[in-house]
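Visitor: I need the structure of the sequence given here:
(chains A and B)
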Amino acid sequence: MTAMIATFHPPLSQPGFRLFDGPLCDVADVSADQVGVVGMPSDWTHSSRLGTRFGPGALRKATTLLQSMRPQGASFDPDTSRRTVTATDWLVDCGDAEITAQDVDATTQAIAAMTEGLTVVGAIPLALGGDHYNSFPACLGYSRGLAKRAPDARFGYIQIDGHLDFSDRLGAWGSHNHATNARRISELPNLDVCNMVWIGIAGWVDGGDLALIEKQGGRVFSSSDVHDLGPVEVMRQALAHAMQGCDELYLSIDIDAMDAGYLPGTGSIVHSGITPRQYYDLLDGLAESPLGGLDIVEVSPPLDPSERTEFLAAEMLFRVLRRFRTRPEIGL
Amino acid sequence: MPLRSAPLPRMAGHLSFMRAQTKAISDVRPGDLAVLGIPFEDTSAPHAGQSLAPRALRETSVYFGWHANPQFSHPVDIDARLDIQTDGLHERLCDLGDISLGQGEAIHAALKLAISQINRNGACAVILGGSDHLSETVQTALPDCQTVQLGGLPRHDRDFHVAPLPNGYATTCKLETAAQLTRLSQWRDASKPLFVQFDLSVFETSLSTLCDRPRLGGCDLDTVAKWLSALGQHEVNAIMLTGLNPNRPGMGVVKVGQRLMVTALLAFIYARLKFGIDHLGCLTSKEEVST
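Guide: Below you'll find the predicted structure:
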């Protein structure tokens, strides 16, 4: 009996889904230039339609399924006309942060500790929401980690979103919720509001928040701007604005910038938002950007029985992480 | 430390359209927009659930209750970069509740009586319906009225139709040319009451999904909002929302249909309140409200 217990039988594959079917790894074991995934299954800082606590799991499953449908070896990328090979060891999944319901500070610190640990060693934290509040602790940890790794470094910030999320408070939810995350991020020490850019804002916004952003030099592109100027030009201008005097970029992807007709599985849907193709073109514009950290939030599987929301979001990750996923084929 | 030091969540509490004041029908004043629900179930419809539409529309409208939410007292149209003043909305939008549905003719009689009284008081009725079967009752309450129909099946040649035809024959009517507005103005006889039927099927089906009568090749939100904004500049006696079934199998949870309808209806409401309009669909900061 003792001998049987001592015998180690590794599973043929790790149980459950990991993002892009990557290996599980502890934060402490992640190396520089790897993308480190942190799940943030929390939606209790959202004020209305919930379900985003199931977002990390849905993204892990969707990216794994999409990955299985993509060529695993050498491939031709029709968008860039380049032959590529699949990268290895480019991403590790560090699992979920510990979420403590009803304790926003404990949840915040747990998420921030993981993204800080990744940033300090030069890895790129990729945080999976969760409602958009969780973007703040993810960026908080990134900010702390960057300050330790490069004390004088500054970072720019781009938020693709249907909403500004720049309120100081939201009613009974107070100062830390899905409507205040960008405001809290703007208060981080190594970021200036003049390096913050919003893309895809739709409908009506709070006038005080908008005025405060633009007074401090921030830039806001509405969904109409994306329709009128085109996603490539919008991202070119956004990147130039965000990176003025900065060393790295933090990207926050709120999927609700996409029109609800395409993407209904999110808490705060918008209409006349940007289309899937426009969203992907925006993310393609970041392919060569100095990405230091990113998050993707507001995927709520219970709100979309068709499951297309999580696949649209998975494709967003395929796009923005393209340069990590593949390498140009040597010799061509 | 007090348990709550901030305003109560706006999602809770008494449900009225856009958190508007509630009124008795006898208290409706000239110029008011009086919201009325008709939770009527058309038992010949392919799916049950139309009677849930008034409540679904009210629940969704709460999200747009800017005027009743001190947290967002200063909305700006991000596309037009213009301030929106909502004080007039607070004064003139009111919710009368739902029609009590009885049996047979009693439903029609109650609805007809309500619409007649709202119009006698000089207000515009905003009717939250599901089934379009009661639209003819509204028409009978407005003698000799003209009807503009957005979506739905065409009823009379004398009506003004926007995307009215069944699938396969549709030529979606876009509000892109002055000629189409001119056509509306030429059709309109200001001496007659005006009734607008706004059916969810005016939208492209892939946008709404919660409609029992799908329309491939329908309008997008901007087009519908522009039509409703243009119509709101006329003296509309009643507008009726139809076609929404929030209980459509598997899709009720998504709530896209009611969000589309309420978003487009806002264009009508603000035009009726005579917020200044630069060009179709765009609001300005100049509000003309007599209180």
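
Visitor: By mean pLDDT, which helix or strand of the chain comes out lowest?
Guide: No chain in the question, so chain A it is. helix A:2-6 (a mean of 50; mean pLDDT, DSSP states H and E).

Visitor: Count the residues that sit near A:Thr64.
Guide: Residue neighbour count, defined by other CB atoms under 10 Å in any protein chain shown, stands at 17 for A:Thr64. Placement of C-beta: from N, CA and C, glycine included.

Visitor: Hmm, A:Gly22 and it touching each other?
Guide: No: applying CB atoms under 8 Å, one finds A:Thr64 not in contact with A:Gly22, separated by 9.0 Å.

Visitor: Spell out which helix or strand contains A:Leu128, please.
Guide: A:Leu128 belongs to strand A:124-129 when assigned by DSSP states H and E.

Visitor: Can you list the strands that that strand pairs with?
Guide: Next to strand A:124-129 in the sheet, as set by DSSP bridges, lie strand A:35-40 (parallel), strand A:291-297 (parallel).

Visitor: Most tightly packed of those strands?
Guide: Greatest average neighbour count among these goes to strand A:35-40 (a mean of 28), per mean count of other CB atoms under 10 Å in any protein chain shown.

Visitor: List the buried residues for stretch B:51-71?
Guide: B:51-69, B:71 (16 or more other CB atoms under 10 Å in any protein chain shown).

Visitor: Wasn't A:Gly200 part of a strand?
Guide: Yes: counting by DSSP: H, G, I helix; E, B strand; the rest coil, A:Gly200 is part of a strand.

Visitor: separation between the residue lying closest to it once chain neighbours are set aside and B:Met261?
Guide: Among residues not flanking A:Gly200 along the chain, A:Ala257 sits closest, at 3.2 Å (CB to CB, 6 or more residues apart in numbering or on different chains). A:Ala257 sits 22 Å away from B:Met261, taking CB to CB, to the nearest Å as the criterion.

Visitor: A:Ile111 - nearest residue in space that isn't next to it in sequence?
Guide: Leaving aside its chain neighbours, A:Ile111 sits nearest to A:Pro137 (3.8 Å; criterion: CB to CB, 6+ apart).

Visitor: how about whichever strand or helix holds that neighbour: buried residues?
Guide: Element membership for A:Pro137, per DSSP H and E: helix A:135-149. Within helix A:135-149, the residues that count as buried by 16+ other CB under 10 Å are A:135-147, A:149.

Visitor: could these be laid out in CSV, adding pLDDT?
Guide: Converted to CSV, the buried residues of helix A:135-149 look like this (pLDDT from 0 to 100):
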residue, pLDDT
A:Ser135, 98
A:Phe136, 98
A:Pro137, 98
A:Ala138, 98
A:Cys139, 98
A:Leu140, 98
A:Gly141, 98
A:Tyr142, 98
A:Ser143, 98
A:Arg144, 98
A:Gly145, 98
A:Leu146, 98
A:Ala147, 98
A:Arg149, 97
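
Visitor: picking that back up, out of the strands paired with strand A:124-129, which comes closest to A:Phe17?
Guide: Closest to A:Phe17 of the strands paired with strand A:124-129, according to CB to CB: strand A:35-40, at 10.8 Å.

Visitor: Work out which residue lies at the spatial centre of chain A.
Guide: When CA atoms, centre = their mean is applied to chain A, the residue found nearest the centroid is A:Asp295 (1.9 Å).

Visitor: Tell me the bridge partners for it.
Guide: A:Ala127, A:Ser252.

Visitor: Let me see the contact set for the residue nearest to B:Leu194 when sequence neighbours are not counted.
Guide: For B:Leu194, ignoring the flanking residues on the chain, the nearest one in space by CB to CB, 6+ apart is B:Val236 at 4.9 Å. Residues near B:Val236 by CB atoms under 8 Å, 6 or more residues apart in numbering or on different chains: B:Cys124, B:Leu194, B:Phe195, B:Val196, B:Phe268, B:Arg272.

Visitor: what's the farthest-apart pair in those?
Guide: Every pair of those checked by CB to CB; the farthest is B:Phe195 and B:Arg272, at 13.9 Å.

Visitor: Just to check, A:Gly117 is in contact with A:Gly145?
Guide: Yes: the pair A:Gly117 / A:Gly145 is scored as a contact, 7.1 Å apart, by CB under 8 Å.

Visitor: Kindly indicate whether residue 190 is helix, strand or coil.
Guide: Since no chain was named, I'll use chain A. Classified using three-state DSSP, A:Asn190 is coil.

Visitor: should've been chain B
Guide: For B:Ala190, the assignment made with three-state DSSP gives coil.

Visitor: where exactly do the helices run in the chain?
Guide: Assuming you mean chain A. Using DSSP state H, the helices of chain A run over A:2-6, A:55-69, A:104-120, A:135-149, A:181-186, A:207-215, A:223-229, A:231-242, A:276-284, A:308-320, A:322-325.

Visitor: my bad, the chain I had in mind was chain B
Guide: For chain B, the helices defined by DSSP H occupy B:53-61, B:87-92, B:105-120, B:135-141, B:178-187, B:205-208, B:221-232, B:256-272.

Visitor: can you put the ones you listed in TSV and add mean pLDDT?
Guide: Converted to TSV, those look like this (pLDDT from 0 to 100):
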stretch	mean pLDDT
helix B:53-61	91
helix B:87-92	81
helix B:105-120	92
helix B:135-141	94
helix B:178-187	82
helix B:205-208	72
helix B:221-232	87
helix B:256-272	88
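
Visitor: For A:Ala211, which of those is the nearest?
Guide: helix B:87-92 (19.4 Å).

Visitor: which bits of chain A sit near chain B?
Guide: Residues of chain A lying close to chain B (CB under 8 Å from any CB of the partner chain) are A:47-49, A:167, A:169-174, A:201-208, A:210, A:220, A:222-224, A:259-261, A:264-265, A:269, A:271-272, A:302-306.

Visitor: Give me the buried subset of those.
Guide: Buried by 16+ other CB under 10 Å: A:47, A:49, A:167, A:169-173, A:201-208, A:210, A:220, A:222-224, A:259-261, A:264-265, A:269, A:271-272, A:303-305, out of the residues of chain A next to chain B.

Visitor: Could you tell me which of those are located in strands?
Guide: Counted as lying in strands by DSSP state E, out of those, are A:Ile201, A:Trp204, A:Val205, A:Asp206, A:Val220, A:Ser222.

Visitor: Any regions of chain A where pLDDT drops low?
Guide: Judged by pLDDT under 70, chain A has its weakly predicted residues at A:1-15, A:70-75, A:77-80, A:82, A:84-86, A:329-332.

Visitor: which residues does the residue lying closest to B:Leu111 once chain neighbours are set aside contact?
Guide: In space, and not counting its chain neighbours, B:Leu111 is closest to B:Thr137: 5.0 Å by CB to CB, 6+ apart. Neighbour list for B:Thr137: B:Ile107, B:His108, B:Leu111, B:Lys112 [criterion: CB under 8 Å, 6+ apart].

Visitor: Run a quick neighbour tally on A:Leu312.
Guide: 20.

Visitor: nope, A:Val234 is what I was after
Guide: Neighbours of A:Val234 (other CB under 10 Å): 25.

Visitor: Low-confidence stretches in chain B?
Guide: For chain B, applying pLDDT under 70 flags the ranges B:1-13, B:67-73, B:163-178, B:208-217, B:249-253, B:275-291.

Visitor: Please enumerate the strands of it.
Guide: Ranges of strands within chain B are B:21-22, B:33-37, B:75-77, B:82-83, B:93-98, B:124-128, B:146-150, B:160-162, B:194-199, B:238-242, B:275-277, B:283-287, based on DSSP E.

Visitor: Neighbouring strands - and their directions - for the third one?
Guide: Pairing partners of strand B:75-77, with direction, according to DSSP bridges: strand A:204-206 (antiparallel), strand B:82-83 (antiparallel).

Visitor: now do the first one
Guide: Paired neighbours of strand B:21-22 in the sheet (DSSP bridges): strand B:93-98 (parallel).

Visitor: and A:Ala58, what does it touch?
Guide: Listed by CB under 8 Å, 6+ apart, the contact set of A:Ala58 reads A:Val299, A:Pro301, A:Glu307, A:Glu310, A:Ala313.
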